[in-house]
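Asks: how would this look folded up:
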Amino acid sequence: MRVSVRRFSVTVLAALFVTAVAPIHSATATDHPRASLVPLTELSAERVLLADKVAAAKYGTPAPIDDPAREQVVLDTVLTLSIEMGIDPSESVAVFRDQIEANKQVQRHLYALWTAHPELAPTERPDLATEVRPQLDRITRQLLEQLKATDHTRARPSCPARLLATRLFVSHTRNLDPPHRAALDRSLTSACD
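Replies: Just a heads-up that it's a prediction; the model follows:
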């Protein structure tokens with residue numbers, strides 16, 4: 001029984017992979033109505049992983065995890081860029097709210113871990129302004145480009161299943177641990193229309 005369940009699981013995952021991740025002809029993400037969700041998911045994973053540096057920069061300082069003023073700056077930037085790029089601003093702002101919440105989810109996990117196990121706490125503090133935010137700014141623009149490129153794919157009824165398969169694929173290829181996998185899931189909550 002165990003073998004047949006495993007075989008079934010592998011078959012289902014393979015089918016989801018082919019549907020969600022496999023290249024569609026030779027189309028690029030910008031010229032096909034069923035563009036791959038892999039680049040969008042990869043960028044979300046990259047942003048989730050940067051939360052480790054954000055947490056390391058803030059841990060042990062007065063800087064809070066929740067920073068409404070900074071979050072509003074990010075959302076205002078997303079709104080402005082969305083209008084410039086011809087993307088539905090309400091959709092992109094919703095996606096970035098999820099991105100921000102996912103980042104804070106990782107930070108909270110790391111704070112709890114480091115508080116319980118101080119020996120695991122970071123010994124170096126990255127500089128948010130010069131090291132982390134430029135990376136976040138780059139990812140913001142690229143995520144917006146992917147939101148635009150995948151607009152048709154994300155509007156299809158198959159989007160949730162395709163996104164699930166893509167998240168599983170990216171989580172596996174990046175070897176994400178459970179807290180980062182959960183944050184990746186959170187980061188893409190609003191990705192499908």
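
Asks: Tabulate the CA atom coordinates of stretch 79-98 in CSV.
Replies: Output of stretch 79-98 as CSV, limited to C-alpha atoms (Å, rounded to 0.1, in the frame of the first residue of the first chain):
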residue,chain,number,x,y,z
LEU,A,79,1.3,51.6,-6.7
THR,A,80,3.3,54.2,-8.6
LEU,A,81,5.3,51.6,-10.6
SER,A,82,2.1,49.6,-11.3
ILE,A,83,0.5,52.6,-12.9
GLU,A,84,3.6,53.3,-14.9
MET,A,85,3.8,49.7,-16.1
GLY,A,86,0.1,49.3,-16.9
ILE,A,87,-0.6,46.8,-14.1
ASP,A,88,-3.8,46.8,-12.0
PRO,A,89,-2.5,48.7,-9.0
SER,A,90,-5.0,47.2,-6.5
GLU,A,91,-3.9,43.7,-7.6
SER,A,92,-0.2,44.5,-7.3
VAL,A,93,-0.6,46.2,-3.9
ALA,A,94,-2.5,43.1,-2.6
VAL,A,95,0.3,40.9,-3.8
PHE,A,96,2.9,43.1,-2.1
ARG,A,97,0.9,43.2,1.2
ASP,A,98,1.3,39.4,1.1
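
Asks: Over it, what's the mean pLDDT, rounded is fine.
Replies: Per-region confidence: stretch 79-98 scores 97 on mean pLDDT.

Asks: Could you list the low-pLDDT ranges of the protein?
Replies: Scanning the chain for pLDDT under 70 picks out the ranges 1-34.

Asks: Give me the buried positions along stretch 92-112.
Replies: Residues 92-100, 102-111 are the ones in stretch 92-112 that count as buried (16 or more other C-beta atoms under 10 Å). Heads up, the C-betas are built off the backbone N, CA and C, glycines and all.

Asks: Now residue 148. Nearest residue, chain neighbours left out?
Replies: Using C-beta to C-beta, 6 or more residues apart in numbering and skipping residues adjacent in sequence, the residue nearest residue 148 is residue 87, 5.0 Å away.

Asks: what about the one you found, neighbour count?
Replies: With neighbours defined by other C-beta atoms under 10 Å, the count for residue 87 comes to 20.

Asks: Sticking with residue 66, tell me its helix or strand.
Replies: For residue 66, there is no helix or strand it lies in under DSSP states H and E.

Asks: hmm, I was thinking of residue 102
Replies: helix 89-116.

Asks: Only alpha carbons, please: show the helix or strand just after that helix as CSV.
Replies: Beyond helix 89-116 in the direction of the C-terminus, DSSP H and E gives the next helix or strand as helix 133-149. In CSV, the C-alpha atoms belonging to helix 133-149 read as follows (Å, rounded to 0.1, in the frame of the first residue of the first chain):
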residue,chain,number,x,y,z
ARG,A,133,16.9,47.4,0.5
PRO,A,134,18.6,47.6,-2.9
GLN,A,135,18.0,43.9,-3.3
LEU,A,136,14.4,44.3,-2.2
ASP,A,137,14.0,47.2,-4.7
ARG,A,138,15.3,45.1,-7.5
ILE,A,139,13.0,42.2,-6.6
THR,A,140,10.0,44.6,-6.4
ARG,A,141,10.5,45.7,-10.0
GLN,A,142,11.0,42.2,-11.2
LEU,A,143,8.0,40.9,-9.3
LEU,A,144,5.9,43.6,-10.9
GLU,A,145,7.2,42.6,-14.4
GLN,A,146,6.2,39.0,-13.6
LEU,A,147,2.8,40.1,-12.4
LYS,A,148,2.3,41.8,-15.8
ALA,A,149,3.8,38.9,-17.8
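
Asks: Having no further points to raise, I will conclude here.
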